[in-house]
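*Asks:* next come a sequence and a model predicted from it.
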Amino acid sequence: MPRCRTALSIVVVAGVALAAGYGAALWWRPAPPPADASQAAPVDFTLKDLSGRPRQLSEWRGRPLLLNFWATWCAPCREEIPLFMDMQKRHAATGLQVVGVALDQLRDVEDFVAKFNVSYPVLLADDGTLDLMRRYGNPIASLPYSVIFRADGSIAHRKLGAFRPAELEQVLASLAPNQP
C-alpha cells in the first residue's frame, strides 16, 4: 500500500508541476502584436534626453527609426548597442535614426554613453515608460525591446530580446525604397 501512495504522490506532484509550468509559460509569453501592427499609428511621447531637453518621437518622423528600450544593467542590451551604431552608419543613405530609451539612473546612463561613445540620441525613461512599452506591444515590459518604424511612422517590426546582426540587417533592408 505505501508504494501505491508514493507512486500516486509522484503522479500528482508531476501533474501539478506540469500545469504550473504551462500556466507560467502562457503568463510570461508576450502577446503577439495586433494583426494590423504594420498599419498602427505610433504612440507619440515626450522624454528628456541626457541634457534634460524634452524630445518627442514625432521629431524623427519622415525617416526610418529604430526605437530601443534598454538599461545599463541589461547584458543583452549592452551587447546590442554597437550593432545599432553600426547599422545607423551602414543605413545612413536611408536616413535611419536609432534612438535609445534608457530605463536607468541618469548618472549610470551618462557614464555608459561616455564610456562606449554611443552615437545616437539616448532618452531617459519616466514613470510612463513601462506603459509606453506595453502600448508598443511588450506586455511584460521586458528588455531589450525594439520597435522599428517606417519613414511614414507606421510600425514595421517589433522585437523582444536582442537582435542578431543578420536579423536586424534583413529588417532594415526591407525598409529601403524599392530600386529599379
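*Replies:* Cool, the structure landed. Small disclaimer: the values here were computed from a predicted structure and weren't measured. Residues are numbered from 1 along each chain as shown.
*Asks:* doesn't C74 make contact with A102?
*Replies:* No: look at A102 against C74 with Cβ atoms under 8 Å: they stay out of range, at 9.8 Å. (Glycine included, C-beta is placed from N, CA and C.)
*Asks:* quick one: which of those two has more around it?
*Replies:* A102 (27 against 18; other Cβ atoms under 10 Å).
*Asks:* now do the contacts for that one.
*Replies:* By Cβ atoms under 8 Å, 6 or more residues apart in numbering, the contact set of A102 is 70-72, 109, 122-125.
*Asks:* same question, A141
*Replies:* If a contact means Cβ under 8 Å, 6+ apart, then A141 has 130, 133-134 as its contacts.
*Asks:* of the contacts of A102, closest to P144?
*Replies:* W70 (5.0 Å; Cβ to Cβ).
*Asks:* just the pLDDT at the closest residue to R135 other than its chain neighbours, thanks.
*Replies:* Leaving aside its chain neighbours, R135 sits nearest to V43 (5.0 Å; criterion: Cβ to Cβ, 6 or more residues apart in numbering). Note for V43: predicted pLDDT of 78.
*Asks:* so of the contacts of A102, which ones are in helices?
*Replies:* V109 (DSSP state H).
*Asks:* widest-spaced pair of the contacts of A102?
*Replies:* Among the contacts of A102, T72 and L123 lie farthest apart (Cβ to Cβ), at 14.0 Å.
*Asks:* neighbour count: the two, which is higher?
*Replies:* L123 (24 against 20).
*Asks:* can you read off the pLDDT for A176?
*Replies:* In this model, A176 carries a pLDDT of 73.
*Asks:* likewise M85?
*Replies:* In this model, M85 carries a pLDDT of 97.
*Asks:* then L18?
*Replies:* 44.
*Asks:* what do you get for E59?
*Replies:* 93.
*Asks:* state the three-state secondary structure for it.
*Replies:* Using DSSP: H, G, I helix; E, B strand; the rest coil, the structure places E59 in helix.
*Asks:* distance check, it against F45.
*Replies:* As for E59, its distance to F45 is 11 Å (criterion: Cβ to Cβ, to the nearest Å).
*Asks:* of those two, who's got more company?
*Replies:* More crowded of E59 and F45, by other Cβ under 10 Å: F45, with 19 against 14.
*Asks:* surely that one meets L57?
*Replies:* Yes: here F45 lies in contact with L57, judged by Cβ under 8 Å, at a distance of 5.5 Å.
*Asks:* quick one: residues contacting P64.
*Replies:* With Cβ under 8 Å, 6+ apart, P64 has these contacts: 91, 94-97, 148-151, 156, 172, 175.
*Asks:* of those residues, buried ones?
*Replies:* Listed as buried from the contacts of P64 are 91, 96-97, 148-149, 151, 156, 172, 175; burial here means 16 or more other Cβ atoms under 10 Å.
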